[in-house]
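S.K.: using only what follows, build the 3D model:
(one chain, ligands or ions: 1)
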Amino acid sequence: MRVGGIAYRTIGVASDGRSVEFIDQTKLPHRFERLRITTLDEAAHAIASMQVRGAPLIGAMAAYGVCLALHRDASDAALEHAIATLRATRPTAVNLQWALERCRTTLQPRSTQERVDAAYALAKTLCDEDVEACAAIGRHGIALIEDAWQRAGRARAVNLLTHCNAGWLATVDWGTALAPVYLAHERGIPLHVWVDETRPRNQGAALTAWELVQHGVPHTVIADNLGGHLMQRGQVDLCIVGSDRTTQNGDVCNKIGTYLKALAAHDNRVPFYVALPHSTIDWTLEDGLREIPIEERSGEEVSHVSGQDERGQACTVRIVPEGSPVANYAFDVTPARLITGLITERGVCAASKHGLQGLYPEKFEGAPALFSF
Ligand code: MRU
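M.R.: The predicted structure is shown next:
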């Protein structure tokens, strides 16, 4: 996607063929900066500190973190150490584990001489696959925006609500929830995006809004609490959000606050879609509520707010009294029953085992038949 008219991916190998370059998301929306790193520890820090964030992107960074580790030491022990270090950075988005598992199965059988080149080739492949998957999500998802436009009699812009940032910054390119938005915008379908600010880290206000500004997509940033009110007043035609982990039953774990939006959408009969590539599906889990580990982050993200002052200086201010305890669970689980459909790179399906089985039959091979088609 473009920044100031120039096309970028969020991550890639630098011109030296070895270091890894990525957009530092902790600086946005005020400064667009690309960082260059050369070590495993820097890659792990980038994920843990959320310089890179978003489920598909942290998977891509994990793969490059393995490259950086192997460049220094390509032994079996170094590979296992890199995988363990990167896996420990964030617990909820399954793309991280998925990417590391692909690193292990691809690289372990290789000789130490072959490993470094194979690791860089794999990381590039994972990134290219992510771009392709997100572009396909866009092509499948645009039909839902077109439907909403038809329902509005093509007389006004489609109002779409999204939560957190599931745009191109959260992936290698295109995004998941925002891929259909970008495509619809390119094709001239009038649309307007309600952008949830997404407290406490404000990925909506800082990142989604910034992306939409770059691409000229009409949008309005709203406090997280406003969505239900807008839906009651008929001002939301559909919601599309991303996912950090989706179970084989179609339960979706995404940024904290997603569940409340799904509840409000359900109550107001607003279609609620989740866009995700296959790398976000955890085929080993069924019950999202009981089985998905929910990341708990520092209370400072709640007790303090960071931004830029009127002189353009970065600053952080406390908004909670000293001594008040805070809780900071970073994700919640939206049960499948509240989800209208999953938008994947293979098409749109019901948020259910049956729906996912229709699109990914190979994942259910050997399992007892659920339904006959
Ligand atoms: O904590 P974050 O910012 O990494 O959480 C990101 C999200 O919850 C996104 O909605 C999700 O990763 C979808 S990414 C395309």
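S.K.: ok, and the closest non-adjacent residue to the residue in the stretch 251-373 of the chain that the ligand sits nearest to?
M.R.: For the stretch 251-373 of the chain and the ligand, the shortest gap (C-beta to the nearest ligand atom) falls at residue 255, measuring 3.3 Å. Backbone N, C-alpha and C define where each C-beta goes, glycine included. Closest residue in space to residue 255, ignoring its immediate chain neighbours: residue 164 at 3.6 Å, by C-beta to C-beta, 6 or more residues apart in numbering.
S.K.: what does the protein have sitting close to the ligand?
M.R.: 53-56, 93, 164, 166, 170-171, 175-176, 203, 242-244, 254-255, 330 (C-beta under 6 Å from any ligand atom).
S.K.: and if we set it to 8 Å?
M.R.: Contact residues (C-beta under 8 Å from any ligand atom) of the chain with the ligand: 50, 53-58, 90, 92-93, 134, 163-167, 170-171, 175-177, 201, 203, 241-244, 254-255, 258, 275-276, 280, 295, 330-331.
S.K.: restricted to buried residues, select those in ChimeraX.
M.R.: In ChimeraX, this line selects whichever of the residues of the chain next to the ligand come out buried by 16 or more other C-beta atoms under 10 Å:
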select :50,53,54,55,56,57,58,90,92,93,134,163,164,165,166,167,170,171,175,176,177,201,203,241,242,243,244,254,255,258,275,276,280,330,331
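S.K.: can you flag which of the residues of the chain next to the ligand belong to helices?
M.R.: 55, 56, 57, 58, 134, 203, 258 (DSSP state H).
S.K.: in the stretch 101-250 of the chain, which residue sits closest to the ligand?
M.R.: Nearest residue of the stretch 101-250 of the chain to the ligand (C-beta to the nearest ligand atom) works out as residue 242 at 2.6 Å.
S.K.: residue contacts, that residue?
M.R.: Contacts for residue 242 (C-beta atoms under 8 Å, 6 or more residues apart in numbering) come out as 54-55, 164, 166, 170, 175-177, 254-255, 274-276.
S.K.: pretty sure residue 227 is touching residue 241, no?
M.R.: No: using C-beta atoms under 8 Å, residue 227 makes no contact with residue 241, being 11.0 Å away.
S.K.: what do the two both touch?
M.R.: Common neighbours of residue 227 and residue 241 (C-beta under 8 Å, 6+ apart) are residue 261.
S.K.: tell me which stretches of this protein form helices.
M.R.: Assigned helices in the chain, in chain order: 40-48, 55-72, 76-87, 94-107, 112-151, 178-186, 203, 209-215, 227-232, 258-267, 288-291, 300-303, 353-359 (criterion: DSSP H).
S.K.: need those helices in CSV with mean pLDDT and distance to residue 195, can you?
M.R.: Formatted as CSV, the helices of the chain follow (pLDDT from 0 to 100; distance: least, C-beta to C-beta, whole Å):
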stretch, mean pLDDT, distance to residue 195
helix 40-48, 98, 24
helix 55-72, 98, 19
helix 76-87, 98, 30
helix 94-107, 98, 23
helix 112-151, 98, 16
helix 178-186, 98, 10
helix 203, 98, 10
helix 209-215, 97, 5
helix 227-232, 98, 10
helix 258-267, 98, 12
helix 288-291, 97, 25
helix 300-303, 98, 19
helix 353-359, 98, 28
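S.K.: distance to residue 339 added to those helices, as CSV?
M.R.: Output for those, formatted as CSV (distance: least, C-beta to C-beta, whole Å):
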stretch, distance to residue 339
helix 40-48, 27
helix 55-72, 17
helix 76-87, 28
helix 94-107, 17
helix 112-151, 13
helix 178-186, 16
helix 203, 21
helix 209-215, 24
helix 227-232, 15
helix 258-267, 7
helix 288-291, 11
helix 300-303, 27
helix 353-359, 10
